[in-house]
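Enquirer: Please find the sequence and the predicted model below.
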Amino acid sequence: MINNSKNSLKIFLMGGTKDSINIIKFLKEEYTPSNSDLPYILTTTTTDYGGKLAKEAGSDELISYAMGKDEIVEILNNYSDGIGFDILIDATHPFAENATSTAIEAAKIANVNYIRFERPTFDYSKYDNIHLVDSFKEVGELLVSNFEGKNILHLAGVNTIEMIFKSNIAKENFYARVLPVISSIEKCDALGIDGEHIIAMQGVFSKEFNKELMKELNIEVILTKESGAVGGVPSKIEAAYELGIDVILVNRPKIANLDDKNTVNNLSELNKKLNSFFKSMK
């Protein structure tokens, strides 16, 4: 049940990322504005596993499925006995552009403060082995035009593979590192990826680990997306660079209705923004 104290910020956190876990821990362990109770946090994720991690981090309540705009608006305004939320923090993945656009629109309709927690980008300007593209459709086209017959290591999430395969690339040269869950394995199987080409692992891996994997599979090009250090991008790119392997890097999507003044990149900036909102509520 929601905390009805007037001295407590009520936060609707759209999570499912490592960033959101760090935010929950910060809010429950370090964020202590004067004359206030601990913030009340409702975290939303799209998976039960994400919800489990949020609960372990200290979230007060969970919703573990994808919600539409109207449902978010209703919860923001009328979650418990007509008591709604003060702030929506959007800590969804940098590539979840639809979720962010929905969050912005819902917060505006509900007249709730909105904060986008955007993990810092990785500076890849010093690397000369990177091919930048703006979509996974472009990834497939580039593979066909520039890397035909090359061994490919996909490090960009199982849900992006289908779009790449629309360009009819050679699957016998395609290796995918995916989460070790049944849905990921089944999706790879449905797309025709041979079992020996599926690397089911979870985690952010070191440069040396990535190098060994790339060497073992004789990889000549890797595919990844610009999801920042939290997503393990530096260790992937540095491993490929040291081995002379090409990298196809997908840029983050641009969110048309995202205002930079509502964006923070770290917990210190989040703290300042929350304190500003809290003072305006007093």
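Expert: Alright, I've got the coordinates.

Enquirer: Which residues are in contact with the residue nearest the centre of the chain?
Expert: The centre of the chain sits closest to residue 93, judged by Cα atoms, centre = their mean, with a distance of 2.0 Å. By Cβ atoms under 8 Å, 6 or more residues apart in numbering, the residues touching residue 93 are 16-17, 99, 227. For every residue, glycine as well, the C-beta is placed using N, CA and C.

Enquirer: Out of those residues, flag the one nearest to residue 64.
Expert: If you rank those by distance to residue 64 using Cβ to Cβ, residue 16 comes first, at 9.1 Å.

Enquirer: Quickly find the element holding that closest one.
Expert: Following DSSP states H and E, one finds residue 16 outside all helices and strands.

Enquirer: Count the residues that sit near it.
Expert: Counted with other Cβ atoms under 10 Å, the neighbours of residue 16 add up to 25.

Enquirer: List the contacts of stretch 24-32.
Expert: For stretch 24-32, the surrounding residues in contact (Cβ under 8 Å, 6+ apart) are 11, 13, 15, 38-39, 41, 43, 54, 57-59, 267, 270-271, 274.

Enquirer: Domains in this protein, by residue range?
Expert: Domain segmentation of the chain under automatic domain parsing yields 10-120+255-281, 130-250.

Enquirer: Least confident of those domains, on average?
Expert: Note on the domains of the chain: domain 10-120+255-281 shows the lowest mean pLDDT, a mean of 89.

Enquirer: ok now do residue 220, which residues does it touch?
Expert: Counting by Cβ under 8 Å, 6+ apart, the residues that residue 220 touches are 147, 150-152, 245-246.

Enquirer: Can you give me the distance of it to residue 52?
Expert: According to Cβ to Cβ, to the nearest Å, residue 220 and residue 52 sit 38 Å apart.

Enquirer: Kindly report the same for residue 91.
Expert: Taking Cβ to Cβ, one finds residue 91 at 17 Å from residue 52.

Enquirer: what about those two, which has more around it?
Expert: Ranked by neighbour count (other Cβ under 10 Å), residue 91 and residue 52 place residue 91 first, with 25 against 13.

Enquirer: returning to what we had before: pull the most distant pair out of the contacts of residue 93.
Expert: Spatially, the most separated pair among these is 99 and 227, at 14.3 Å (Cβ to Cβ).

Enquirer: Of these two, give the one with the bigger neighbour count.
Expert: Looking at residue 99 and residue 227 with other Cβ under 10 Å, you find the greater number of neighbours at residue 227, namely 21 against 18.

Enquirer: and the gap between that one and residue 150?
Expert: Computed as Cβ to Cβ, the residue 227 to residue 150 distance reads 23 Å.

Enquirer: So which residues of the stretch 151-282 of the chain form strands?
Expert: Taking DSSP state E, counting those that start in this stretch, the strands of the stretch 151-282 of the chain run over residues 152-154, 174-178, 198-200, 221-225, 246-250, 263-264.

Enquirer: centre of the chain versus the shortest one, how much separation?
Expert: So that's strand 263-264. Relative to its chain's centre, strand 263-264 lies at 15 Å (Cα atoms, centre = their mean, to the nearest Å).

Enquirer: Dihedrals phi and psi, residue 68?
Expert: Main-chain torsions, residue 68, degrees, to the nearest 10: phi -80, psi 170.

Enquirer: Ignoring the adjacent residues along the chain, who's closest to it?
Expert: The spatially closest residue to residue 68, leaving aside those adjacent along the chain, is residue 102, at 7.3 Å (Cβ to Cβ, 6 or more residues apart in numbering).

Enquirer: Now for the one you found: which residues touch it?
Expert: Shown in contact with residue 102 (Cβ under 8 Å, 6+ apart): 68-69, 72.

Enquirer: mind putting those in a markdown table, neighbour count and distance to residue 203 included?
Expert: What follows is those, written out as a markdown table (neighbours: other Cβ atoms under 10 Å; distance: Cβ to Cβ, whole Å):
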| residue | neighbour count | distance to residue 203 |
| --- | --- | --- |
| 68 | 9 | 32 |
| 69 | 15 | 33 |
| 72 | 24 | 31 |
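
Enquirer: and which of those residues is nearest residue 164?
Expert: Of the contacts of residue 102, the one sitting nearest to residue 164 (Cβ to Cβ) turns out to be residue 68, at 28.0 Å.

Enquirer: ok, back up a step: could you identify the most distant pair in the contacts of stretch 24-32?
Expert: With Cβ to Cβ as the measure, no two of these lie farther apart than 54 and 271, at 19.8 Å.
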